[in-house]
Every structure is written in C-alpha cells, then in structure tokens.
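Student: the following comprises the amino acid sequence and a computationally predicted model.
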Amino acid sequence: MAIVEVNNLIKKFKDFTAVDSISFEVMEGEIFGLLGPNGAGKTTTIRMLITITRPDSGKAKVAGFDIVKERDKVRENIGIVFQDPALDRQLTGRENLDFHARMYNMPGDVRLSRINEVLELVELTDKADELVENYSGGMQRRLEIARGLMHAPKVLFLDEPTLGLDTQTRRKIWEYVQNLNRTRGTTVVLTTHYMEEADYLCSRVGIIDRGKIVALDTPRNLKNIIGADVITLEIKSGEAEEFRKLEFVREFVRHDNLVSLGVESGEYKIPILMEFAQSKNIKVNSVELHKPSLEDVFLHYTGTTIRERNANEEERMRMRRRMRRE
Amino acid sequence: MKTISWQAVYVLWLREMKRTWRAKSRVIGSLIMPLFFFVFMGTGFRRATLPGIPQGVNYMTFLIPGMVGMGLLFSSMFAGLQVLWDKEFGFLKEIMVTPVTRLSIVLGRMAGGSTSSLFQGFLIMFLSMFLGFRIPGIAGFLVAIVFMFLITFTFIGLGLAFASRMKDMHGFQLIMNLVVFPIFFLSGALFPIQGLPKFIRPLAYIDPLTYGIDGMRGALVGISAFPLSLDFTVLSIVCIVIVSIGSFLFETSEVGQ
C-alpha cells in the first residue's frame, strides 16, 4: 500500500523551477531515497511533503491526508529531521524531547516512557541531561532522529541525515534508521547526495536531477540497467581463453595474466567461475569484483556525475556570495 | 480550525523560564542600566526642579516608574525578538511543523516573555526600595501592575511583529537604535514630556510607553500628565492593536530555510 502519493508536484521560485512535475509513490514500511546533487529539488520536494512549503500545483498525500488541505493531520502522522540542526541548544537533550512531546500533546506517562525509549534507541541515555550545546554534531543528529520518532509517526522524513558527519557516525546513523524501520515498521523517506547511503539504506531510490525524477527502482535494478559487473581474475597458470566459452560472459578482455569478464550479478558468477577454472586446470591467484555504483547510474542518465554537479553548484554559490558582498 | 493547545502554551512558557534562568547573567546585566540611571541621574538631579514635577516630589521618586517602564520595554522587545534567535538556530522550524495552531505559539511566547519581563520590572521596583521608594498602598500598586502588564504585552507584540518580517539578526541593532531608544527617550521616563519642545511633543503623544509610564507614575507617585483613565484606555487600545498585528504577521510568516 502506498503511504506517500505524489502526483505532478510543481514548485517554482520566480523563474526557477525547483520541482518540475514530480510523481512517485512510497510503499508502507520501505526506506525510500531521493538521490541527487545539491539544488536538484530534493529538499524542496520534502518541504512540500512536510507541509512547510506550498506546492504551486499538483497533489500529494501523506498517510492518506492531503498535504495542503489537511496540513495538521499530515503533521500528526510524520516525523521530521531537518537538514540543518533544529534543536534548542540552551535545553538538555531530555528537555528538547519533552518539549516536542508536549507540542504533540502526548499524555504524561506515555511521554516519560517514550523519551526513555527513544533515548535508548539512539544511545543517548547517559547524555540526556546535558545541555545540547555540549553535544557533538553526531550526537545532535541522533537526538534529532530520536525526536522525530517521539510521537510514533507513520512516516519519518530525513533530509540529508548524515550531511557533514564522519564515516563512523554515518554508519551508526544508518544502523539506527534500519533498526527503527525493521522493529517498528516506520516508513522512511530520505534525501541524500551520498551514493553509498542510498545504496546501503534504501529499498528503492528515485534519482532526481534538475527537478525531475530520471529513474526510480531498487538500487540493484538501477545498477543492472548500467549492465555488467566486472570480474577481474589474476591467472597463475592455464589457458585463460577458456573463459570466453562461458555462456554468461558478455565481455572478455585480457592483459597478460589479468582477465576481465563482463557478467551480470557477478557475486553469483564467482563460484561458477572457480569451479570452471578447476575443471579446466586453470590456477587463479586472485579475484576482484567491481559492481557499478549509483554514481554510474546517475552518470548514465544525466551525463555528469553527482560530484561534478555538486562542484558546479558550490561554484555558483560562491559566485553569488561574492556578488552579494560587492 | 483555531483551537488552542494549552499544553503547547505551557511548554513554550516553561522553555522561556528555563532559558531565562540559564541566562541569569543577562537578566542581572539588564538591571545595570536602570541602576546607573538611578545612581547618576537620580542623585545628580536630586535637587533640580523641572517643569511638570510638583514641589515636594524629588527627582528620584519621579524617575522610579520611568526605570520600571524602561526595564519592561527592553525585556519585552527582547522577548518578542527572540523569534529571530530561534530562526538563527533553526529551532523555529521545529516549533512551526508541530500540529499546533500558530495562535497557541503566539500565546505561549506572550506568556513566557511577559513572565520574565514582569519579573525584571518587579526586580527594578524592589531595588528602588533601597533608594527610598515606598509603595503607596495596595490599590495604587495593583493599578501599577495593570499598566506593567499592558506595557509588556504591547512591546512583545511589537518585537514579534518586527521579528516575523526579518530574515536574520542583522536588523536587530537597527531596531534597538531606531525604535527602542526613541520610544524610551520620548516616553517621559527621564523627564516630564511637558518639557519637550512643541514640535517634538506629538511624537511623545504617539509613543505608547508615554501612557504606560504616566499611568504607573500616577498610581505609584501620584503625579501624572493625563488622567489615569485616559492612560489606561489609550494603552489598552494600542496594546490590542499591536498584539493583533504581531500575531497576524507571525502567523503569516515564512518558516525560512
């Protein structure tokens, strides 16, 4: 069942179309990702779904409620973690959660037990009574995720949840998100411009560029569109040409003792290749598997990589800042 | 649907109390200026006779309601402008996306801001007792409190109105210099407005604080430029209008980035 339905949403800022007639559905219980470079329209899309930006046209429903006509109903059913921190740094972690709980009108006993529960989930119980201004960036992020879960929302929106965090903290946050998705069945909608994040976390990914969704599928299917995985074998001895005869080998390239094979679903082909090598008396020193990444997919659809797009975006921002200063 | 969530009002008030308590130094700091005025102006002009101050009332006694009014003006404007800090630190978004009506948010802010502001007002009044100030009686005191409430709400409303239309904190100093200080100097806090030249006097008449301080002075000291009923009527109307404008601007404001 679809818990988020988006139909032809459009949002313009003066003559710039930030979101250009986007449509997609998010199924109940999945982790759905919008992947794209900065300025692609991810955040604007999310802002419309969480009812703080009004769409110019189009329709969307979240948890069965219209995002324009039933704003408060939508708000009761969603949790939000914004791109930039939105905590009161003069309050403790626990007080931030309590504030949130009361704003959502949660009764006293539920409030207390939920606060302890979500603190436990993000492992902040020990730090709960310290002022947020003494928290590290990662801890603040975790507290915000905990807060997003306080009122047991049906859908949790995460806007660039791991932006600016180190690899270790990022991994931790991925774990929390997966954990809450698995144990509570909370649907998660997130935006990111990190390939690994979309690949690792999301059950389905919408690739978004210049306000449009250019591709939408599971990470695996998206990568399969790009085609073959590449298995590189280092041959010690034997007749490497034999691999050419295998039916599933689409491409065959040889450099001295290195053989590169283009295949589909490489991880399943390695055991077959090994057995085949043994039967043909070929000795293999090492095996390497390269799978196409979502970066390759993005490149395929847009002609540039996300990294290049982001670099261009930064350049533009810098120009704008400079112009404003003059 | 315009319903008020009392729990939201309460927690917004509670947050303000905690923040004020944790910024004790700021509260103490805000007492320094009125104290300086007391010590330097109050003692310096002790024997001065000014037109508008009747014989037998010394300048210090005249000054006290003005200082209470000043304390209320600054702390209330500050409370209203608090929205800018919330914008700056992103917390405003957290408040705005809750399923609570903005009316409840305005009420919560008013409740919190006025509590800490009135507390500062009473603190100044309390300090002035060491300088010879005597509360004239329960009736006068209660009337003064009514005026203190009106002043507080008026200027929280004004602060809220400005903060709702400002993007960031850059304009804060401008507002202090171009709005708050003129309101203070023109209000008759330091000298009777009868002393102002004719062409400036109308500015004092459109300054809401003039009526607040005049009312308090009438209630606490027994001298006032206008009848207390006039002070009360004018200030009440201005208060309602400004609070309505402030709430309206806040309700229709953009959440920002």
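Tutor: Looks like it came in fine.
Student: could you list the low-confidence segments of the chain?
Tutor: Since no chain was named, I'll use chain A. Residue ranges of chain A with pLDDT under 70: A:313-326.
Student: think we crossed wires, I meant chain B
Tutor: Across chain B (using pLDDT under 70), the flagged ranges come out as B:1-2, B:254-257.
Student: near chain A, which residues of it?
Tutor: Chain B comes close to chain A at residues B:1, B:5, B:7-8, B:10-11, B:15, B:18-19, B:22-23, B:89-100, B:255, B:257, as judged by CB under 8 Å from any CB of the partner chain. (C-beta placed from N, C-alpha, C; glycine too.)
Student: from those residues, which land in strands?
Tutor: With DSSP state E as the criterion, strands contain none of the residues of chain B next to chain A.
Student: just the buried ones among those, please.
Tutor: Buried residues within the residues of chain B next to chain A, defined by neighbour count using 16 or more other CB atoms under 10 Å in any protein chain shown: B:5, B:7-8, B:11, B:15, B:18-19, B:89-100.
Student: all strands of the stretch 51-200 of chain A, in order?
Tutor: Read by DSSP state E, counting those that start in this stretch, the stretch 51-200 of chain A holds these strands, from start to end of the chain: A:57-62, A:65-66, A:78-81, A:155-159, A:187-192.
Student: can I get those strands in JSON lines including distance to B:Met148 and mean neighbour count?
Tutor: Putting these into JSON lines (distance: least, CB to CB, whole Å; neighbours: other CB atoms under 10 Å in any protein chain shown) gives the following:
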{"stretch": "strand A:57-62", "distance to B:Met148": "46", "mean neighbour count": "19"}
{"stretch": "strand A:65-66", "distance to B:Met148": "45", "mean neighbour count": "16"}
{"stretch": "strand A:78-81", "distance to B:Met148": "39", "mean neighbour count": "26"}
{"stretch": "strand A:155-159", "distance to B:Met148": "44", "mean neighbour count": "23"}
{"stretch": "strand A:187-192", "distance to B:Met148": "49", "mean neighbour count": "25"}
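Student: and those: which comes nearest B:Gly71?
Tutor: Closest of the strands of the stretch 51-200 of chain A to B:Gly71 is strand A:78-81, at 38.7 Å (criterion: CB to CB).
Student: just the CA atoms of the closest one, as CSV, please.
Tutor: Taking C-alpha atoms only, strand A:78-81 is exported to CSV below (Å, rounded to 0.1, in the frame of the first residue of the first chain):
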residue,chain,number,x,y,z
ILE,A,78,5.0,12.4,10.3
GLY,A,79,8.4,12.9,12.0
ILE,A,80,10.9,15.2,10.5
VAL,A,81,14.7,15.6,10.8
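Student: for it, packing partners?
Tutor: Identification of packing neighbours for strand A:78-81 by 3 or more CB pairs under 8 Å, 6 or more residues apart in numbering or on different chains; DSSP states H and E yields helix A:137-149, strand A:155-159.
Student: let's have those in TSV, adding distance to chain B.
Tutor: Conversion of the helices and strands packed on strand A:78-81 to TSV gives the following (distance: least, CB to the nearest CB, whole Å):
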stretch	distance to chain B
helix A:137-149	8
strand A:155-159	10
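Student: can you tell me which of the ones you listed comes nearest to B:Val146?
Tutor: helix A:137-149 (40.3 Å).
Student: list the contacts of the residue sitting nearest the centre point of chain B.
Tutor: In chain B, the residue lying closest to the centroid (CA atoms, centre = their mean) is B:Leu73, at 2.7 Å. Remark: with contacts taken as CB atoms under 8 Å, 6 or more residues apart in numbering or on different chains, B:Leu73 is in contact with B:151, B:155, B:180, B:183-184, B:187, B:209.
Student: can we see that at 7 Å?
Tutor: Going by CB atoms under 7 Å, 6 or more residues apart in numbering or on different chains, B:Leu73 touches B:151, B:155, B:180, B:183-184, B:209.
Student: chain A: which of the residues you listed is nearest?
Tutor: Proximity to chain A was ranked across the contacts of B:Leu73 by CB to the nearest CB; first place goes to B:Phe155, at 22.4 Å.
Student: give the closest residue to that closest one in space, chain neighbours not counted.
Tutor: B:Ser76 (3.6 Å; CB to CB, 6 or more residues apart in numbering or on different chains).
Student: tell me if I'm right that the one you found and B:Gly113 touch.
Tutor: Yes. The pair formed by B:Ser76 and B:Gly113 meets the contact definition of CB atoms under 7 Å, at 6.4 Å.
Student: burial measure for B:Gly112, as a count.
Tutor: For B:Gly112, the tally of surrounding residues (other CB atoms under 10 Å in any protein chain shown) stands at 25.
Student: now do the SS call for it.
Tutor: The assignment at B:Gly112 comes out as helix when based on DSSP: H, G, I helix; E, B strand; the rest coil.
Student: residues touching the closest residue to it other than its chain neighbours, list them.
Tutor: In space, not counting the residues next to it along the chain, B:Gly112 is nearest to B:Glu16; the distance is 2.7 Å by CB to CB, 6+ apart. Contact partners of B:Glu16, counting by CB under 7 Å, 6+ apart, are B:112-113, B:116.
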